[in-house]
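Asker: need coordinates for the following:
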Amino acid sequence: MTLTTLIIYIGITAFLLTAVTGFVFKGHKSWLMTYLQNFTGALFVFSGYVKAVDPLGTAYKMEQYFTAFESTFEGTWMSFLAPLFPWMSEYVTSFSVIMIVFEIVLGLMLIMGYKSKLTSWLFLLLVAFFTVLTGFTYLTGYVPSGVNFFQFGSWTEYVATNMQVTDCGCFGDFLKLEPKVSFMKDIALMIPALYFVFKHKDMHELFTGKIRNIIVLVSTIFVTIYCFNNFMWDIPKTDFRPFKKGIDVKAQRIAEEDAEAAVQIVAWELENIASGKVIELPNAQYMSNFKDYPKTEWKITDQIKTEPTIKPTKISEYEITAVNGDDMTYQLLEDPEYSIMIVSYKMYGDANKASRTIQDTTYTIDTLVSDNGVVDIVKSIGEISSREETYYDYVWDQSFYNDYAETIVPLVKDARAAGIKSYTVVGGAGADMIDDFKGELGFEMPFYTADDILLKTIVRSNPGVVLWKDGVVVNKWHVDQLPSFADIKKENIN
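Answerer: Alright, predicted model coming up:
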């Protein structure tokens, strides 16, 4: 779906709501005001809903913003704000739920005409907040690497890869908008937002004040519970992400790779180092005459390419690596049998630096020949020396450890007994950390590593469990909703 299609659907919904408001409830004062209330209200309810099905996705997006803001404010006169963002990251999931609930309930308040002055100002503030976020996302495209956002004089031409946050997450994973489009959308929403503030007395009101209060209270409670259910107690039942149940990851990754390989360069953008003049040359012309544009005089600023026939998704970034660095991606994807992947985008453990004494022993080898000519080699201790070695001793989060010890390990044991292979993929962990955790568990199974954002995309649980077969996602579970292996086998394994 495109933004245009979505706007058409929202517009039709708003038209129907306006007709009901005007002709059934006879509650309108201004047709324009009523339509704008219903349009913006329906838009906010929908955009809030597609985020409510996956609150962790919104939390991860907010975390990216917090990281970008921290680095942006550091080194400026506003550096005192920088420490605020790591603190906010610690509570990012709570911020995500609050924002989602607020957005949906505000949409309902607009549709009902609940406390018009309060609702108008809340809508203006939220739209202004979204505009700052989307504007920052878009404008960072003008900020080259190594330049702070506030160094306006050092901004250059827009380059998409300069952006610190690639999309605003306005519609979650349901609809990805280009940052510029998101920014323009929020600028457009400022028009009805200001109109509401100055003309709030023209807003329609549905139902009685008591009923409106009840609807706001009940919807707040319901949406909050719904959000928590989609990440704390279970994974989202509606999955808009690339690794949804039934997707053939192997085939999709190959198709995306082939599409990317088929992309052709159609032109080159060059900048004259001395004058700053920028020219664009067709690929054939540049390749035939590139000697006329020596690197001492010209620099390549961009390549203009054809669009891939298949838009790349996170599946293009699906890479699994062994602890020793070996690429395990296709070896795992091409496994024709069922396999169980345990996913942990983060291993929750605190590393305490410690030291221990290591004894090094050297030996001397003597060759003895007896009277009867038998050669005997004698090994004796030559020298014993001691040295101090620094290492990290991990103290594991008890809840995280228990998820593995009490839920994951029994599942893997039962699967192994049935001939089903299992392995764990973790993010942001080195060999020492993995070895320490395996030692604490007292259970051996293969551990691999991957990008933490990729793992967050695959399953919204830490740890989470994914059942694969020949590169296809058969099913996946939240650790708290993980069935027994017997039930998994009964329901999913033929």
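Asker: run through the stretch 351-494 of the chain and note the low-pLDDT ranges.
Answerer: By pLDDT under 70, the low-scoring segments of the stretch 351-494 of the chain are 354-360, 366-379, 381-382, 387-391.
Asker: now residue 64: which helix or strand?
Answerer: Assigned by DSSP states H and E, residue 64 belongs to helix 55-73.
Asker: just list what that helix packs against, helices and strands only.
Answerer: The contact analysis (3 or more Cβ pairs under 8 Å, 6 or more residues apart in numbering; DSSP states H and E) places helix 55-73 against helix 84-90, helix 92-112, helix 116-139, helix 452-458. In short, each C-beta sits where N, CA and C put it, glycine included.
Asker: wait, isn't residue 235 in contact with residue 480?
Answerer: No: assessed by Cβ atoms under 8 Å, residue 235 is found out of contact with residue 480, at 9.7 Å.
Asker: touching both of these two, which residues are there?
Answerer: residue 461 (Cβ atoms under 8 Å, 6 or more residues apart in numbering).
Asker: who has more neighbours, those two?
Answerer: residue 235 (22 against 12; other Cβ atoms under 10 Å).
Asker: residue contacts, the more buried one?
Answerer: Here residue 235 is in contact with 459, 460, 461, 464, 476, 477, 478, 481 (criterion: Cβ under 8 Å, 6+ apart).
Asker: for residue 361, state which of those is nearest.
Answerer: Using Cβ to Cβ, residue 464 comes nearest to residue 361 of the contacts of residue 235, at 46.1 Å.
Asker: show me what contacts the closest one?
Answerer: Residues counted as contacts of residue 464 (Cβ under 8 Å, 6+ apart) are 235, 342, 343, 344, 458, 476, 477, 478, 479.
Asker: 7 Å instead, please
Answerer: The contact partners of residue 464, taken as Cβ atoms under 7 Å, 6 or more residues apart in numbering, are 235, 343, 476, 477, 478, 479.
Asker: can you give me the neighbour number for the last one?
Answerer: Taking other Cβ under 10 Å as the criterion, the count of residues near residue 479 is 23.
Asker: what sits against it?
Answerer: Per Cβ under 7 Å, 6+ apart, neighbours of residue 479: 403, 407, 461, 463, 464, 465.
Asker: looking at those, which are in strands?
Answerer: 464, 465 (DSSP state E).
Asker: picking up where we left off before, for the helix holding residue 64, the distance to its chain's centre please.
Answerer: Remark: helix 55-73 is offset 10 Å from the chain centroid, using Cα atoms, centre = their mean, to the nearest Å.
Asker: just stretch 297-316 next, same as before
Answerer: 22 Å.
Asker: can you pull the buried residues of it?
Answerer: In terms of neighbour count (16 or more other Cβ atoms under 10 Å), stretch 297-316 has its buried residues at 298, 308, 313, 314, 315, 316.
Asker: want to try CSV for those, with distance to residue 26 and secondary structure as columns?
Answerer: Putting the buried residues of stretch 297-316 into CSV (distance: Cβ to Cβ, whole Å; DSSP: H, G, I helix; E, B strand; the rest coil) gives the following:
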residue, distance to residue 26, secondary structure
298, 70, strand
308, 53, coil
313, 49, coil
314, 50, helix
315, 52, helix
316, 55, helix
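Asker: residue 352: which of these is nearest?
Answerer: Nearest to residue 352 among the buried residues of stretch 297-316, with distances taken as Cβ to Cβ, is residue 314, at 34.7 Å.
Asker: and the gap between residue 352 and residue 395?
Answerer: 6 Å (Cβ to Cβ, to the nearest Å).
Asker: and the contacts of residue 464, which is closest to residue 280?
Answerer: Set against residue 280, the nearest of the contacts of residue 464 by Cβ to Cβ is residue 343 (44.8 Å).
Asker: where do the strands of the stretch 351-494 of the chain begin and end?
Answerer: 375-396, 421-426, 447-449, 464-469, 472-478 (DSSP state E, counting those that start in this stretch).
Asker: possible to save the ones you listed as CSV with distance to residue 102?
Answerer: Listed next are those as CSV, based on distance: least, Cβ to Cβ, whole Å:
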stretch, distance to residue 102
strand 375-396, 36
strand 421-426, 34
strand 447-449, 37
strand 464-469, 28
strand 472-478, 25
